[in-house]
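Peer 1: return a 3D structure for these sequence lines:
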Amino acid sequence: MNIDILTLFPASVDAMLNVSILGRAQERGHIAIRSHQIREYTTNKQMQVDDYPYGGGRGAVMQADPLYRCWAHVTEVHGPGRTIFLSPCGRTFTQEVAKELKARYDHLILVCGHYEGVDQRFLDECVDEEISMGDFVLTGGEIPAMALADAVCRMVPGVLPDETCFQEESHWDGLLEYPQYSRPAVWHDRAVPEVLLSGDHGKVADWRRKESYKRTMRRRPDLFARFDEGRLTTKAEKKVLQQARDELAAEEAEV
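Peer 2: I've put the predicted structure just below:
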């Protein structure tokens, strides 16, 4: 997976994406993440990348030409890629979108906006789609770009030890992840659930699935409403779901 990020703050992007898990994955050649300073592609001494908006109004707009020159350099040197503008006007980023991008593309070009927006002509000519992190606005596109790059790259083979590292996490199969515990067995008078100390892998797996159901039903009923129960084909699987429903109902009744 190759990811190129067009940004006004490459040092911030590099500081986050070139360390830890993603940094080691780049050293081993599993992924490549490159940041590009948009200001280096201006044609004026001031390295200006913004100007007043036509039609008036507050703030400034990122100009099309510096963005285009930066984008053209990336595509010429590293080849064409799926160009994504991080924008609150785009489709909402989810785990399913991350899986789609990882499966369909091996090169992503992420464009980070600033100020009041980006000249629409650049978006019309160069951008394939817009993606939003949610129904809120940030001061720039760097944080969304880093989040998208991290979510996609961690699924690339070799980045994490094996696929179970991300396949058992929240949102992979439409559910929230079960609670996690580590040593000591008792902390501040709070004990680890006994089943996790039993050594019975089957019971542990059932408990984790049950708790995943309960957490999703309690915290994200909207997610659980979309869960396809038809995927449960065995009596044992259906039993675990029913246990989750029964336990949650009992817990809510106590409250």
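Peer 1: partners of the closest residue to Ala60 other than its chain neighbours in the sheet?
Peer 2: Computed as Cβ to Cβ, 6 or more residues apart in numbering, the closest residue to Ala60 that is not its neighbour in sequence is Asp50, at 4.0 Å. The way it works is simple: take the backbone N, C-alpha and C, and place the C-beta from them, glycine included. For Asp50, the beta-bridge partners are Met62 (DSSP bridges).
Peer 1: burial count for Asp50?
Peer 2: The number of residues packed near Asp50 is 18, by other Cβ atoms under 10 Å.
Peer 1: how about the secondary structure of Gln48?
Peer 2: Look at Gln48: counting by DSSP: H, G, I helix; E, B strand; the rest coil, its state is coil.
Peer 1: please apply the same query to Asp4.
Peer 2: Per three-state DSSP, Asp4 ends up strand.
Peer 1: can you confirm Phe85 is in a helix?
Peer 2: No. Assessed by three-state DSSP, Phe85 does not belong to a helix; its assignment is strand.
Peer 1: quick one: pLDDT of it?
Peer 2: Looking at Phe85, its pLDDT stands at 98.
Peer 1: right, and it touches Asp124 too?
Peer 2: No. Judged on Cβ atoms under 8 Å, Phe85 makes no contact with Asp124 at a distance of 10.9 Å.
Peer 1: just to revisit the earlier point, how near is the residue nearest to Ala60 to Arg58?
Peer 2: To Arg58, Asp50 is 13 Å away according to Cβ to Cβ, to the nearest Å.
Peer 1: same check, this time on Ser182
Peer 2: Ser182 sits 50 Å away from Arg58, going by Cβ to Cβ.
Peer 1: Lys102 too?
Peer 2: Distance of Lys102 to Arg58, computed by Cβ to Cβ: 39 Å.
Peer 1: neighbour count: the two, which is higher?
Peer 2: Lys102 (17 against 7).
Peer 1: in contact with that one, which residues?
Peer 2: Residues in contact with Lys102 (Cβ atoms under 8 Å, 6 or more residues apart in numbering) are 1, 152, 155-156.
Peer 1: doesn't it lie inside a helix?
Peer 2: Yes. Counting by three-state DSSP, Lys102 is located in a helix.
Peer 1: got a pLDDT number for it?
Peer 2: Reported pLDDT for Lys102: 97.
Peer 1: what's the answer for the one 5 residues further on, then?
Peer 2: Each residue has a pLDDT score; the one for His107 is 98.
Peer 1: how close does it get to Val159?
Peer 2: His107 is 16 Å from Val159, where distance means Cβ to Cβ.
Peer 1: looking at the two, which is more packed in?
Peer 2: Relative neighbour count places Val159 above the other of His107 and Val159, with 21 against 17, counting by other Cβ under 10 Å.
Peer 1: isn't that one right up against Leu22?
Peer 2: Yes. Here Val159 lies in contact with Leu22, judged by Cβ under 8 Å, at a distance of 7.2 Å.
Peer 1: tell me, what's touching those two both at once?
Peer 2: Overlap between the contact sets of Val159 and Leu22, as judged by Cβ under 8 Å, 6+ apart, is given by 31, 153.
Peer 1: which residues does Pro144 contact?
Peer 2: Counting by Cβ under 8 Å, 6+ apart, Pro144 makes contact with 86, 93, 112, 131-133, 138.
Peer 1: break down the stretch 51-200 of the chain into its helices, ranges please.
Peer 2: 64-78, 95-104, 120-126, 142-153, 164-167 (DSSP state H, counting those that start in this stretch).
Peer 1: could you redo those as JSON lines and give each row distance to Arg209?
Peer 2: Output for the helices of the stretch 51-200 of the chain, formatted as JSON lines (distance: least, Cβ to Cβ, whole Å):
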{"stretch": "helix 64-78", "distance to Arg209": "42"}
{"stretch": "helix 95-104", "distance to Arg209": "18"}
{"stretch": "helix 120-126", "distance to Arg209": "43"}
{"stretch": "helix 142-153", "distance to Arg209": "24"}
{"stretch": "helix 164-167", "distance to Arg209": "13"}
